[in-house]
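Engineer: Please find the sequence and the predicted model below.
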Amino acid sequence: MNAGSDTQPTRHQVRPKPNREGDWLEVSMGPQHPSTHGVFRMDVVLEGERVVRLKPVFGYLHRNHEKIAEGTTYLGSMPYTDRLDYFCSMTNNWAYALAVEKLAGLQVPERAEYLRVILAELTRLQNHASLCGFLLQDMGAMGTPLMYAFREREKILDLFEAISGARMMCNFMRFGGCRCDAPPGWLEQARRVVDNFPRFLDEFEALLSENEIIMARTQGVGVLPRDLAINAGVTGPMLRASGVNYDVRKVDRYGIYDRFEFKVPLGEHGDTYDRYMVRILEMRQSVNILKQALADIPPGPVMDPKAKLRGFRPKPGEAYARIEAPKGELGFYLISDGGPNPYRYRVRPPSFINLTVLEDMCLGHTVADVVVILGSVDIVMGEVDR
Amino acid sequence: MLGEAIIKGLAVTAKNFALSYVSPERLVTIQYPEERQPLPEATRQFPFLVYDGDDPHAGLRCVACQICEKECPPQCIYIVKSKDKKPDHTGKPQFYPAVFDIDLSVCMSCQICVEVCPFDAIKMDTEFELSTTDRFAGLLYHKEQLAKSNAYYHKIHPTEAAEVDARLAAERAKVAAKPRAASETKAAATAPAAPPALAPGAAVAA
């Protein structure tokens, strides 16, 4: 406050600028907050409505996944991987199967590789569709986009149920192939779902992509600079929205991804809008891959004859396998000592590592923006806490 | 123009609303307890034990080898192996599970018990309406509740059950053919040197 003098008038301020720590307000957002995507808590320090500090607190859904896996057989931890990122059980299965196949030197038959690609891309479609629905719901588009996304997701879950027996906890892939072949008529049903998917995408984009409110809420909000994204080890659509061309499907070409033609969508600004749009574009590319895979899938066996279910003991060694899960690079690191269970089992979860840059993206934005930024990170607590 | 996209978006919702009356593609709600969606054949919920023939006790395929108990990831199966052997439905003496319990509140429907079972004795049921007011004993299923007939298995998973039956029949035929073939060759080989009375004993040893 200006004290004033004989020649200068006293300048009263309506509200003193809060620049001392005592004026900051610490708010605990979560773990039962309606928009924290699971049991996730953020200690947010606010100055007025602006975020000054943000500390993610997690562990509420910790289930000891890695230690349990070290105690059970290799096959026994396959159903537990479903429960990591429970939206994308098929890709979790694939990453784990890939790591064990590397360890044990198993060959996957052609048809099983195609089935894996088809199921992984279907997983990507349903994960991105529901994420976009959730993101829009966080912004206040209550219900409608999410329900449209879930209507589409339901068709894909029906496909999963028909092939694996379960909608979400599929437990479908095995070391050296897939558990069973697709039932008769499944591929035709999958083709129908894939052919109708672009129509849903068009409708979904017409619904909200050009909406002024969405643009105002997302453009320039939660910018993740390119350098920070690389340094923090961020992967997946979040990294590509910041303009880094890095897709494990292109870099590693695991499975048979070198046979398909697809592009990697990249963002320019690294803000929430880019992260939303990159996912929409990725869904269109996934539809491309699916069309090629469903056209080329050959007949044949789906299991390596050398693979065995009972008494599976890979020789001592270590292996790391990674895939491009819908949320980013999902990796499994295994050490075998020749026993029936892994000596060390480690998961590299994409949403956990993507979450580390949350504070940098949120600083200076309002509380309402924190909700949107968190939504655009795409986390599933099952995978963050393990 | 400001607000153009909002009108465009509203047009989409209006289209969806109007079409939901005519297009089954957009009318996806099912009034659950009254209406039910047909389940796909592969659907799995919780395990049950298959028995052949009419008697659930004698016909149980399970021989209490305890592989499923060992492999079950959440450890929800509890088996006590019998001390004595009882004839199974074909009349062959076999071990049987004196106790076979599955805690359905722990089971995570992963189907690993089904995959590792060498006797095709445990399969997945499609029954999911198992709610009970007794949360401890009500979901701990004993051998008597778990045993279901092969006919029931055929009803819920027709293709899979037909494959299993064919495989079991082929195995039984092979087992039945083996001692006979062995005894014939043995008899032919040993007939000139040894008296024929020794041949059956040799076949058993083979």
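Structural biologist: Noted; the coordinates are in hand. Numbers count the residues shown, from 1 in each chain, chains lettered A, B, ... in the order given.

Engineer: For the stretch 1-150 of chain A, which segments are assigned as strands?
Structural biologist: A:25-29, A:41-47, A:50-57 (DSSP state E, counting those that start in this stretch).

Engineer: would TSV of those strands with mean pLDDT and distance to A:Gly243 be doable?
Structural biologist: Every C-beta, even on glycine, is put in place using the N, C-alpha and C of the backbone. Below are the strands of the stretch 1-150 of chain A laid out as TSV (pLDDT from 0 to 100; distance: least, CB to CB, whole Å):
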stretch	mean pLDDT	distance to A:Gly243
strand A:25-29	83	29
strand A:41-47	85	27
strand A:50-57	86	24
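
Engineer: My guess is A:Ser286 contacts A:Glu121. True?
Structural biologist: Yes - judged on CB atoms under 8 Å, A:Ser286 makes contact with A:Glu121 at a distance of 4.5 Å.

Engineer: Go ahead and name everything in contact with the top strand by length along chain B.
Structural biologist: In chain B, taking DSSP state E as the definition, the longest strand is strand B:97-103. For strand B:97-103, the surrounding residues in contact (CB atoms under 8 Å, 6 or more residues apart in numbering or on different chains) are B:46-47, B:49, B:60, B:62, B:64, B:76-83, B:139-143, B:146.

Engineer: What residues sit buried inside it?
Structural biologist: Neighbour-count burial for strand B:97-103, with 16 or more other CB atoms under 10 Å in any protein chain shown as criterion, is recorded at B:Pro97, B:Phe100, B:Asp101, B:Ile102.

Engineer: if we can go back for a sec, compile the strands of the stretch 1-150 of chain A into a markdown table and extend it with columns for mean neighbour count and distance to A:Gly105.
Structural biologist: Listed next are the strands of the stretch 1-150 of chain A as a markdown table, based on neighbours: other CB atoms under 10 Å in any protein chain shown; distance: least, CB to CB, whole Å:
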| stretch | mean neighbour count | distance to A:Gly105 |
| --- | --- | --- |
| strand A:25-29 | 14 | 48 |
| strand A:41-47 | 18 | 44 |
| strand A:50-57 | 17 | 40 |
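
Engineer: could you dump the ones you listed to a markdown table with distance to A:Ala69?
Structural biologist: Putting the strands of the stretch 1-150 of chain A into a markdown table (distance: least, CB to CB, whole Å) gives the following:
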| stretch | distance to A:Ala69 |
| --- | --- |
| strand A:25-29 | 32 |
| strand A:41-47 | 26 |
| strand A:50-57 | 25 |
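
Engineer: which residues in chain B form strands?
Structural biologist: Counting by DSSP E, the strands of chain B are B:47-51, B:77-81, B:86-87, B:93-94, B:97-103, B:122-124, B:140-141, B:147-149.

Engineer: just the buried residues of strand B:97-103 now: which is nearest chain A?
Structural biologist: B:Ile102 (15.6 Å; CB to the nearest CB).

Engineer: Show me what that closest one is bridged to.
Structural biologist: On the basis of DSSP bridges, B:Ile102 is bridged to B:Ile77, B:Tyr141.

Engineer: how far away is it from A:Asp369?
Structural biologist: 49 Å (CB to CB, to the nearest Å).

Engineer: In CSV, list the strands of the stretch 1-150 of chain A along with distance to chain B.
Structural biologist: Compiled in CSV, those are given as follows (distance: least, CB to the nearest CB, whole Å):
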stretch, distance to chain B
strand A:25-29, 29
strand A:41-47, 27
strand A:50-57, 28
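
Engineer: ok, which residues in the stretch 251-386 of chain A are in contact with chain B?
Structural biologist: A:Leu309, A:Arg310 (CB under 8 Å from any CB of the partner chain).

Engineer: I'd say A:Gly233 and A:Leu355 touch.
Structural biologist: No - contact criterion CB under 8 Å: A:Gly233 and A:Leu355 do not qualify, at 11.3 Å.

Engineer: Can you list phi and psi of A:Phe87 for me?
Structural biologist: Phi and psi for A:Phe87, reported as degrees, to the nearest 10, are phi -80, psi -30.

Engineer: wait, what's in contact with the residue nearest the centre of chain B?
Structural biologist: Residue closest to the average C-alpha location in chain B (CA atoms, centre = their mean): B:Lys123, at 1.0 Å. By CB under 8 Å, 6+ apart, the contact list for B:Lys123 reads B:Pro47, B:Phe48, B:Val50, B:Val114, B:Tyr153, B:His157, B:Glu160.

Engineer: can you pick the most crowded of those?
Structural biologist: B:Pro47 (26 neighbours; other CB atoms under 10 Å in any protein chain shown).

Engineer: how close does A:Asp158 get to A:Ser164?
Structural biologist: In terms of CB to CB, A:Asp158 sits 11 Å off from A:Ser164.

Engineer: likewise A:Val278?
Structural biologist: Separation of A:Val278 from A:Ser164 (CB to CB) stands at 29 Å.

Engineer: With adjacent residues omitted, what lies nearest to B:Val164?
Structural biologist: B:Asp120 (4.9 Å; CB to CB, 6 or more residues apart in numbering or on different chains).

Engineer: Repeat that for A:Val384.
Structural biologist: A:Phe352 (4.5 Å).

Engineer: Just the pLDDT at that neighbour, thanks.
Structural biologist: Listed pLDDT for A:Phe352 reads 89.

Engineer: that older thread, out of A:Ser286 and A:Glu121, name the residue with the larger neighbour count.
Structural biologist: A count of neighbours by other CB under 10 Å puts A:Glu121 above the other of A:Ser286 and A:Glu121, at 28 against 22.

Engineer: give the contact list for that one.
Structural biologist: A:Glu121 neighbours (CB under 8 Å, 6+ apart): A:Ser286, A:Ile289, A:Leu290, A:Ala293.

Engineer: which bits of chain B sit near chain A?
Structural biologist: So far as CB under 8 Å from any CB goes, chain B lies against chain A at B:2-6, B:8-9, B:11-13, B:16, B:26, B:28, B:39-44, B:67, B:71-73, B:108-112, B:115-116, B:118, B:124, B:159.

Engineer: Of those, select the buried ones using a ChimeraX command.
Structural biologist: In ChimeraX, this line selects whichever of those come out buried by 16+ other CB under 10 Å:
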select /B:5,8,9,12,16,40,42,43,44,67,71,72,73,108,109,110,111,112,115,116,124
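
Engineer: Among the residues of chain B next to chain A, name the ones in helices.
Structural biologist: The helices, defined by DSSP state H, take in B:4-6, B:8-9, B:11-13, B:16, B:67, B:71, B:112, B:115-116, B:159 from those.

Engineer: Which members of the residues you listed define the maximum pairwise distance?
Structural biologist: The span of these, defined through CB to CB, is set by B:Glu4 and B:Ile67 at 65.5 Å.

Engineer: Need the pLDDT of the closest residue to A:Ile297 other than its chain neighbours.
Structural biologist: Distances taken as CB to CB, 6+ apart place A:Tyr114 nearest to A:Ile297, at 4.2 Å, with adjacent residues excluded. Predicted confidence (pLDDT) at A:Tyr114: the value is 91.
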